[in-house]
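Trainee: Sequence and predicted structure below; questions after.
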Amino acid sequence: MSEIKNLTEKLLEFRRERDWEQFHNPKDMALSLTLEATEVLEHFQWKNGVVLDEYVKTHAEHLGEELADVLGWVLLLSHDLGIDINKAMQDKIIKNGLKYPVDKAKGRADKYTSY
């Protein structure tokens, strides 16, 4: 079993044991995903350079917890919507490779529409 499927199964079991399926409609799960992503972003607000580098080193565990929350919602939402997130990610990498060919995008941060 893939790691993604294994993690999803663990999350589904966690949710089932608590009878939380009743609260997990797509809209509220998408809201929760967004809220968790903003908790990640909050760690970076007003920090740059050396201060940011040091903060990341000293708060890596908490940042990992926040990123895990984001991933958890992605896995539950994709499961409930019937989306194979592993395949979707692989397809997206291929699509982005076509939009951002190495010979045009390497070392550049501009959007694909600019070249």
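Mentor: On my side now, so go ahead. Keep in mind that this is a model prediction, so the values were computed, not measured.
Trainee: Could you check how many residues crowd around residue 77?
Mentor: Neighbour count for residue 77, taken as other CB atoms under 10 Å: 18. Any C-beta I mention is one placed from the backbone N, CA and C, and that applies to glycine too.
Trainee: Over to it. Which of the three states is it?
Mentor: helix (DSSP: H, G, I helix; E, B strand; the rest coil).
Trainee: Please list all residues in contact with the residue lying closest to residue 99 once chain neighbours are set aside.
Mentor: Leaving out its chain neighbours, the residue that sits closest to residue 99 by CB to CB, 6 or more residues apart in numbering is residue 112, at 4.4 Å. With contact taken as CB atoms under 8 Å, 6 or more residues apart in numbering, residue 112 is in contact with 99-100, 105.
Trainee: Among the residues you listed, name the buried ones.
Mentor: For those, a burial check counting by 16 or more other CB atoms under 10 Å picks out residue 105.
Trainee: Tell me the one of the contacts of residue 112 nearest residue 66?
Mentor: Comparing the contacts of residue 112 against residue 66 with CB to CB places residue 100 closest, at 27.6 Å.
Trainee: quick one, what contacts the closest one?
Mentor: residue 112.
Trainee: what does the model give it for pLDDT?
Mentor: Looking at residue 100, its pLDDT is 95.
Trainee: Can you give me the domain assignment for this protein?
Mentor: As given by automatic domain parsing, the domain ranges for the chain are 3-83, 84-115.
Trainee: which one of those is the most hemmed in?
Mentor: Mean neighbour count, computed with mean count of other CB atoms under 10 Å, is highest for domain 3-83 among the domains of the chain, reaching a mean of 13.
Trainee: Report the distance from that one to the chain centre.
Mentor: Distance of domain 3-83 from the chain centroid (CA atoms, centre = their mean, to the nearest Å) equals 7 Å.
Trainee: what about that domain, average pLDDT?
Mentor: 98.
Trainee: Quick one: end-to-end length of it, please.
Mentor: Start-to-end span of domain 3-83 (CA to CA, to the nearest Å) is 16 Å.
Trainee: where's residue 69, which helix or strand?
Mentor: Following DSSP states H and E, one finds residue 69 within helix 60-80.
Trainee: Show me what that helix is in contact with.
Mentor: 4, 7-8, 11-12, 15, 24, 26, 29-30, 32-33, 36-37, 39-40, 43, 56, 84-85, 88.
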